[in-house]
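Asker: Need a 3D model of the following:
(one chain, ligands or ions: 2)
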Amino acid sequence: MPNSIFLSPKNIKKELSRNGLYFQTLKLEWQMSCAPEDVAFNYADIAHSDHVHDAMYDKPIVVTNDVGILIRTQKIWSFLKIPILLAGYSYEKYRHCTYFSLYGIHVINEVRMLPHDSLLSTKIESHYHVGMPIFLLWLRPLIHSLLKRNFIALSKDDRQIRERRGQLRENGCDFRVHSNALNFGPGFQQITEIDTENVIVAKDNCSQKEQLSIDLNKVESQMVFLGTDIFGVQLMKEGDKILVYPRICFHEGACLDNATKRNANLICPWHGKKIPPCITYEFETGQTEYAPNNKYYSMNVENGVINIYFQSS
Ligand code: FES
Ligand SMILES: [Fe+2]
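Answerer: Ligands and ions are numbered 1, 2, ... in the order given. This next block holds a predicted model:
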């Protein structure tokens, strides 16, 4: 049972109305190919704002697995950024609330994630309850249009995260469920711990060793991709070494195919984790070195051919 108090959007609205605010609700909808958990994950994922969205930057103040209180710097136009104090939490399974107030205007975003058609299809309903004192009511059309514009922009940016996770589920992967008060998945705090691996690799799909092979002399200074973007690898030659990287970030599942490379590390596009090569092979010595956290990949070189094996356990 939850041991925290979560005020539902309805009750926040009731409380504020009692204090003289006038409310109107703007309802916006979106549909995505992912599970409701993937949408919920994204709401709990404070750390992605800085890497995925141009229009906002979040600085956490208090983050537990149940709630995130943060300062959001929201870009309205290129010349105008405003800081907002914002609280986000799930108050019921598949129900998320984001609440902020700004210059006397209060916005309660009640998000409903509705499983739709199939397991990997979710309808997202955002009900923006916008409350303001009577003398600010003339601002309502402007506030509604800014919220709508923001909703469309953020949903577009977030779609790739949510649907990538849906795609991983489709391939049999799963994600570690965090024990927050509602016990259905995302924990705000745990997502910020980027060194943890929360992707559960599809054991059924690859309980056998999968082998990927390439001629040694076909590896160049440009990245070469082998296998699928979930279970495959990417490799390149650097000096007298071959560097082998995964194509997936095991923190929360980002695809690393277009990740920026800085020094010997890939930089994960979702939360900025530095990902070193899982295997380094030296031509001269024939030595193979594995990254300490490498669980899945092994490699050998035979008759000028590199064989890389993926095994989930
Ligand atoms: S998915 Fe979080 S750092 Fe890569
Ligand atoms: Fe987002």
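
Asker: all contacts plus neighbour counts: C-alpha atoms, from now on.
Answerer: Will do.

Asker: Report the beta-bridge partner residues of I308.
Answerer: L212, M299 (DSSP bridges).

Asker: Check the gap between it and F41 for me.
Answerer: Here the criterion is CA to CA, to the nearest Å. By it, I308 lies 32 Å from F41.

Asker: Spell out the secondary structure type for the residue of the stretch 1-150 of the chain found nearest ligand 1.
Answerer: Among the residues of the stretch 1-150 of the chain, H48 lies nearest to ligand 1; the distance is 7.9 Å by CA to the nearest ligand atom. Classification of H48 by DSSP: H, G, I helix; E, B strand; the rest coil places it in helix.

Asker: show me where the stretch 51-200 of the chain has helices.
Answerer: Using DSSP state H, counting those that start in this stretch, the helices of the stretch 51-200 of the chain run over 140-170, 188-192.

Asker: from these, which stretch is densest packed?
Answerer: The highest mean neighbour count among the helices of the stretch 51-200 of the chain, using mean count of other CA atoms under 10 Å, belongs to helix 188-192: a mean of 21.

Asker: What average pLDDT does it get?
Answerer: On average, the pLDDT along helix 188-192 is 89.

Asker: Run through who's touching it.
Answerer: A44, D45, I46, A47, V63, T64, N65, D66, V67, G68, H178 (CA atoms under 8 Å, 6 or more residues apart in numbering).

Asker: So which of these are in strands?
Answerer: Cross-referencing the contacts of helix 188-192 against strands under DSSP state E gives V63, V67, G68.

Asker: Could I get the contacting residues of the closest residue to the last one other than its chain neighbours?
Answerer: Nearest residue to G68 in three dimensions, chain neighbours excluded: G88, at 5.3 Å (CA to CA, 6 or more residues apart in numbering). Shown in contact with G88 (CA under 8 Å, 6+ apart): Y43, A44, V67, G68, I69, H96, C97, T98, Y99.

Asker: Out of those residues, who's the most crowded?
Answerer: A44 (27 neighbours; other CA atoms under 10 Å).

Asker: before we move on, the earlier item: could you dump the helices of the stretch 51-200 of the chain into a markdown table and include distance to W77?
Answerer: Formatted as a markdown table, the helices of the stretch 51-200 of the chain follow (distance: least, CA to CA, whole Å):
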| stretch | distance to W77 |
| --- | --- |
| helix 140-170 | 10 |
| helix 188-192 | 28 |
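
Asker: do you know which of the ones you listed lies nearest C268?
Answerer: C268 lies closest, by CA to CA, to one member of the helices of the stretch 51-200 of the chain: helix 140-170, at 12.2 Å.

Asker: any idea how far stretch 275-295 is from the chain center?
Answerer: 28 Å (CA atoms, centre = their mean, to the nearest Å).

Asker: how close does the residue of the stretch 1-150 of the chain closest to ligand 1 get to R18?
Answerer: Relative to R18, H48 is positioned 36 Å away (CA to CA).

Asker: who's more crowded, those two?
Answerer: The neighbour count for H48 versus R18, taken as other CA under 10 Å, is higher for H48 (21 against 10).

Asker: ok, now which ones touch the more buried one?
Answerer: Contact partners of H48, counting by CA under 8 Å, 6+ apart, are W270, H271.

Asker: buried residues in the longest strand along the chain?
Answerer: Ranked by number of residues, the top strand in the chain under DSSP E is strand 118-132. Residues of strand 118-132 classed as buried: 120-132 (neighbour count, 16 or more other CA atoms under 10 Å).

Asker: Would you mind checking the average pLDDT for it?
Answerer: Averaging pLDDT residue by residue across strand 118-132 gives 93.

Asker: Which other helices and strands does that strand contact?
Answerer: helix 9-18, strand 22-32, helix 36-44, strand 105-116 (3 or more CA pairs under 8 Å, 6 or more residues apart in numbering; DSSP states H and E).

Asker: try it again with 7 Å
Answerer: Under the contact criterion of 3 or more CA pairs under 7 Å, 6 or more residues apart in numbering; DSSP states H and E, strand 118-132 touches strand 22-32, strand 105-116.

Asker: looking at those, which is buried most?
Answerer: Highest mean neighbour count among the helices and strands packed on strand 118-132 (mean count of other CA under 10 Å): strand 105-116, a mean of 21.

Asker: That strand versus helix 36-44: what angle between them?
Answerer: Compare the direction of strand 105-116 with that of helix 36-44 by axes from the mean of the first three to the mean of the last three CA atoms, to 10 degrees and you get 160 degrees.

Asker: so what strands line up beside strand 105-116?
Answerer: Here strand 105-116 is paired, per DSSP bridges, with strand 95-102 (antiparallel), strand 118-132 (antiparallel).
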